[in-house]
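> here are the coordinates; sequence isn't available:
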DNA sequence: TTACAACAATTGCACTGGCAACTGTACGAG
DNA sequence: CTCGTACAGTTGCCAGTGCAATTGTTGTAA
């Protein structure tokens, strides 16, 4: 197989793997809550990755979706009472997003299902070593495309416990 | 870092890498044609992966999108004169999709851009060895999630030349 | 002070894609 | 033969998302 077609195949498999895992996670999350994967990820960022109120743009850049998309997701989460928006007086341009008590509770419950599904997806045929190797490769891929940012990952930051 | 949070980080990086590469490819393709990435992939399957007319459902299962989604994409491609639909007399349930001459031409042009973008995305920081390793991992991941199918990849089938 | 550029977020609009319901076809059981 | 079921594809409808334009805010230069 040529170098070029090897890359095509790899790209296709990457895409497929992503979709398969994504849909497994989405299904599992929906089975225990009303959250979409995107909504869950926002809550996850707020509590487990950062554990502090975040600006809309911070969350958006971490998840690589457009500002407008972020606004929509926040709309839904706010409507359901899982987050609160607040513009700080010292900079009235920004909007800080924080979890509500309900949001924290729902996240904790949903996170259990998420972790289960994740362990199932990655644990099934991948050794711990494989996972580490995979992460290294993703790291390289992101760097190579100028998309690496420490803020975007959990690097070195163990997740905060959920109370 | 715990085993669990390692997996979370890996999953997030996988997702990010996928999005970054996807958007790079999409942009590059759009810069030389009117095709979306999804539309390009259908043409690519028809000519380069299979090089024969395919049923709607065959293409859909390879790309893992819903039957209805496949119909919409085929609608657009047919409207633009890139593919033709034909129901064979021996089984009037199915619809065979084939490339038109125009479709073949557009694909050939667009494929050049696609390959360039792909080589740029994967070639930048990944050695040939890395790419092979990545593919192995994706293979495991798909198998572990019951989503492996030889039909879905290029395994062992060198791409046909585009005339 | 005023004018202007940069920035954060939101809104209007259009498009894509999925689910569920539907049409038409093939095939097996009785 | 005919009925019922499974199958392939399409359509109606709607949720999610991105782009471009807009609002409101901050900082800066004249």
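Received, thanks. This is a predicted model, so every value here is computed, not measured.
> drop to CA atoms for contacts and neighbour counts, all remaining ones
Fine.
> Doesn't residue A:65 lie inside a strand?
No - using DSSP: H, G, I helix; E, B strand; the rest coil, the assignment for residue A:65 is coil, not a strand.
> Tell me which stretches of chain A form strands.
With DSSP state E as the criterion, chain A has strands at A:54-55, A:83-86, A:96-99.
> highest average neighbour count across the ones you listed?
Highest mean neighbour count among the strands of chain A (mean count of other Cα atoms under 10 Å in any protein chain shown): strand A:96-99, with a mean of 22.
> Averaged pLDDT, that strand. What do you get?
The average of the pLDDT scores along strand A:96-99 is 98.
> what does that strand rub up against?
Residues from elsewhere that reach strand A:96-99 (Cα atoms under 8 Å, 6 or more residues apart in numbering or on different chains): A:43, A:46-47, A:52-56, A:82-88.
> Could you rerun that using 10 Å?
Strand A:96-99 has contacts (Cα atoms under 10 Å, 6 or more residues apart in numbering or on different chains) with A:42-44, A:46-47, A:51-59, A:74, A:77-78, A:81-88, A:104-105, A:107.
> Pull the distance from it to the chain's centre.
Here strand A:96-99 is found 16 Å from its chain centre; the criterion is Cα atoms, centre = their mean, to the nearest Å.
> Check stretch A:37-50 too.
Mean-position distance between stretch A:37-50 and its chain equals 6 Å (Cα atoms, centre = their mean).
> Now that stretch: buried residues?
By 16 or more other Cα atoms under 10 Å in any protein chain shown, the buried positions in stretch A:37-50 come out as A:37, A:40-49.
> can I get these in CSV with pLDDT and distance to residue A:129?
Listed next are the buried residues of stretch A:37-50 as CSV, based on pLDDT from 0 to 100; distance: Cα to Cα, whole Å:
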residue, pLDDT, distance to residue A:129
A:37, 97, 27
A:40, 98, 28
A:41, 97, 26
A:42, 97, 29
A:43, 97, 29
A:44, 97, 25
A:45, 96, 26
A:46, 96, 29
A:47, 96, 28
A:48, 94, 24
A:49, 92, 23
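> Low-confidence ranges, chain A, go.
Applying pLDDT under 70 to chain A flags residues A:1, A:148-163.
> what does it have sitting close to DNA strand C?
A:55-58, A:67-72, A:74, A:93-96 (Cα under 7 Å from any atom of the strand).
> which other helices and strands contact the helix of greatest length in chain A?
Counting residues, the longest helix found in chain A (DSSP state H) is helix A:3-30. Here helix A:3-30 touches helix A:37-44, helix A:101-123, helix B:3-30, helix B:56-63, helix B:101-123, helix B:128-144, going by 3 or more Cα pairs under 10 Å, 6 or more residues apart in numbering or on different chains; DSSP states H and E.
> ok so, going back, which entries within the residues of chain A next to DNA strand C meet the buried criterion?
A:55-58, A:70, A:74, A:94-96.
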